[in-house]
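J.: need a 3D model of the following:
(one chain, ligands or ions: 3)
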Amino acid sequence: MAGDFSGCTARKKNRAQSIEYNPVKTDGSGENSKQPTNPLTTRSGLRVYKIVILGDGGVGKSAVTLQFVSHSFLDYHDPTIEDSYQQQAVIDGEAALLDILDTAGQVEFTAMRDQYMRCGEGFIICYSVTDRHSFQEASEYRKLIARVRLTEDIPLVLVANKLDLQSQRKVTTEEGKTLAKQFGCPFYETSAALRHYIDEAFFSLTPPKYHRYQSELHAHLNGSLSNSTLAELRELKYGKEDPGGTDDCFYKILNGESLTLEECFKKFQYAHDLTERREALERATERVIEDFANDNVIYLELRTTPKCTAHMSKREYLTTVLDVIRKMSKSERNIIVKLLPSIDRSKGVQEAMENVNLAIELSVTYPDTIVAIDLSGKPFGTAFSDFVPALEKAREHGFRLALHCGESEDEQEVKQMFALGVDRIGHGTFIEGENLAFAQKHNIPFECCLTSNVKCKTVPSYEDHHIAKLLKLKQPVCVCTDDFGVFQTSLSQEVQICATTFNLAKEEIVQMQRNAVVYSFASEQEKKELSSQIDQFSKTIKEK
Ligand SMILES: Nc1nc2c(ncn2[C@@H]2O[C@H](COP(=O)(O)OP(=O)(O)OP(=O)(O)O)[C@@H](O)[C@H]2O)c(=O)[nH]1
Ligand SMILES: [Mg+2]
Ligand SMILES: [Zn+2]
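T.: Ligands and ions are numbered 1, 2, ... in the order given. Sure thing, here's the model as predicted:
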């Protein structure tokens, strides 16, 4: 369980009386909004989590909420119009306030829906195991959230209530689990009558953020566009009238429906298509940095291949990204961002040299931002040795080298990369035997992207991910997202998956974040500052 009670301080109240509301940012149309950029706080500085409970009439939303806040069972049905409750809790080692909105399931009371959907930071979708219709409605509520919020990364939990009424069960556990998987959220079968799994359901919305000071060392710009960013860019390019057009896949993205792997990969195409103009690329870069910052990333290394589009030269492409990075680093956001121009192997050797030359040229104007060169792209049909001159030139200039290395079973290529000198290994899935011994001897960090590898099927499961072996060997590793938009994840989620799959303690996770700073390409001064933030945080979790 991620949090716990601090006394019975629940009280029913009128909406949002004592809460200072930092207004939710909207796009001006009032139609769709991102997560509040600053968390809500009370006047006394208490963190407030706004939770909205949704579901069909009579499924037990009020009963679940009342059990949670006052440990009592509501044994009659008094259809709710809208009630709000507050519950103090300790979340993540800190006192916090859960502000729970119990909504109406009866259609005649659902007029305020869009309004509260915009404010919620976490949602509980509730159905009753005794009522198949309420189960079907759960999907409708999911769509409603997606439609109003246009983002996939809102904390959500699916709750199947009335577990005690086994003899009247109409919806199986398996069906619930499958739906939760489709939603990409936790699932609990609860009983408000017996107080089973009530706390767990609520606290799953506020997971511990012991990975609060994170560093992301392997993220591709174009793969890191969230669904809401893609929707925003599509509107920017094609206007409002036909969002999604006749494109089924994009329509699914807009509605937060689950995508096949093939559909996920289409997001790369969308990203390229939607960022061919300067304004769009600016917006995309800004959103990516914001999304990482909102996910508690304090240090970010972003990779991108300079592209020549119908509206931008490669130089313009890179300077656009660099200018946004510069602007964001001057904002009040606590995030340092570096750029790693990429060499896309599939584009050939000439482009590789061009990109390195461009990076060298621009590093004069943006000296502290371009820090390394990334080698990526499909290795098939290309020979690594052809790229060595370009990479050597980059190295001579003082750039570090982050190479996608050992992504396929090609031992010779890994050897060649090691001979050239690799500062960090991207993935390293197939690094074994002698090569692994070499990486161990030279302490070369591995950038491990768990979900990316599992979804792309280069590793069979999280349990079988090579990070397990690397952790055992005490090899330097850092957890990364690769393409969080494409693989529908976040750095917090990756760290969480790593922690739960491999039973890592809080302190081990914090240590990983400390190590990531060491393996980063930040300056020594920046590393000192980043480490001191982590140390400060680590002290507070030890004291609690
Ligand atoms: N046996 C059993 N009954 C429950 C449970 N949860 C709720 N109920 C009963 O189901 C009925 C409806 O519960 P409510 O909590 O009022 O349902 P609701 O979802 O808030 O309904 P609306 O406010 O109309 O949307 C009440 O009679 C509750 O006592 C449970 O876990 N087990
Ligand atoms: Mg109710
Ligand atoms: Zn990658």
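
J.: make it CA atoms for all contacts and neighbour counts henceforth
T.: OK.

J.: so how far is residue 415 from the residue in the stretch 301-450 of the chain that ligand 1 sits nearest to?
T.: The stretch 301-450 of the chain approaches ligand 1 most closely through residue 450 (37.0 Å), counting by C-alpha to the nearest ligand atom. According to C-alpha to C-alpha, to the nearest Å, residue 450 and residue 415 sit 24 Å apart.

J.: those two - which one has more neighbours?
T.: Legend: neighbour count by other C-alpha atoms under 10 Å for residue 450 and residue 415, higher for residue 450 (26 against 17).

J.: please name the residues that touch that one.
T.: Residue 450 makes contacts with 462, 465, 479-481, 494, 498, as judged by C-alpha atoms under 8 Å, 6 or more residues apart in numbering.

J.: helices - which of those land there?
T.: Secondary structure defined by DSSP state H assigns 494, 498 of the contacts of residue 450 to helices.

J.: how about the contacts of residue 450 in JSON lines, adding neighbour count?
T.: Output for the contacts of residue 450, formatted as JSON lines (neighbours: other C-alpha atoms under 10 Å):
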{"residue": "462", "neighbour count": "18"}
{"residue": "465", "neighbour count": "21"}
{"residue": "479", "neighbour count": "25"}
{"residue": "480", "neighbour count": "28"}
{"residue": "481", "neighbour count": "30"}
{"residue": "494", "neighbour count": "20"}
{"residue": "498", "neighbour count": "23"}
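
J.: restrict the contacts of residue 450 to those near ligand 1?
T.: The subset of the contacts of residue 450 within reach of ligand 1, by C-alpha under 6 Å from any ligand atom, is empty.

J.: which stretches of the stretch 151-300 of the chain aren't confidently modelled?
T.: When residues are selected by pLDDT under 70, those of the stretch 151-300 of the chain lie in 151-153, 207-211, 242-245, 255-258.

J.: quick one: the helices in it?
T.: Counting by DSSP state H, counting those that start in this stretch, the stretch 151-300 of the chain has helices at residues 173-183, 198-203, 227-238, 248-254, 261-274, 278-294.

J.: in the fifth one, which residues are buried?
T.: To tie it back to what came earlier, the one meant is helix 261-274. The neighbour-count criterion (16 or more other C-alpha atoms under 10 Å) identifies 263-265, 267-268, 270-271, 274 as the buried residues of helix 261-274.

J.: again, but for the third one
T.: Going by neighbour count (16+ other C-alpha under 10 Å), the buried part of helix 227-238 is 227-235, 237.

J.: ok, the first one next?
T.: Of the residues in helix 173-183, those scored as buried under the neighbour-count criterion (16+ other C-alpha under 10 Å) are 173, 176-177, 179-180, 183.

J.: and ligand 1, which of the buried residues of helix 261-274 reach it?
T.: Applying C-alpha under 6 Å from any ligand atom to the buried residues of helix 261-274, none is adjacent to ligand 1.

J.: ok, these vs residue 86, which is closest?
T.: residue 264 (38.8 Å; C-alpha to C-alpha).

J.: residues touching the closest one, list them.
T.: Residues near residue 264 by C-alpha under 8 Å, 6+ apart: 486-487.

J.: for the stretch 301-450 of the chain, just list every one of the strands.
T.: Ranges of strands within the stretch 301-450 of the chain are 336-344, 372-376, 400-405, 424-427, 446-448, based on DSSP state E, counting those that start in this stretch.

J.: in the second one, what counts as buried?
T.: In other words, strand 372-376. For strand 372-376, burial by neighbour count (16+ other C-alpha under 10 Å) applies to 372-376.

J.: now those in a markdown table, with distance to residue 138 and pLDDT?
T.: As requested, the buried residues of strand 372-376 are arranged in a markdown table below (distance: C-alpha to C-alpha, whole Å; pLDDT from 0 to 100):
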| residue | distance to residue 138 | pLDDT |
| --- | --- | --- |
| 372 | 47 | 98 |
| 373 | 46 | 98 |
| 374 | 43 | 98 |
| 375 | 44 | 97 |
| 376 | 41 | 95 |
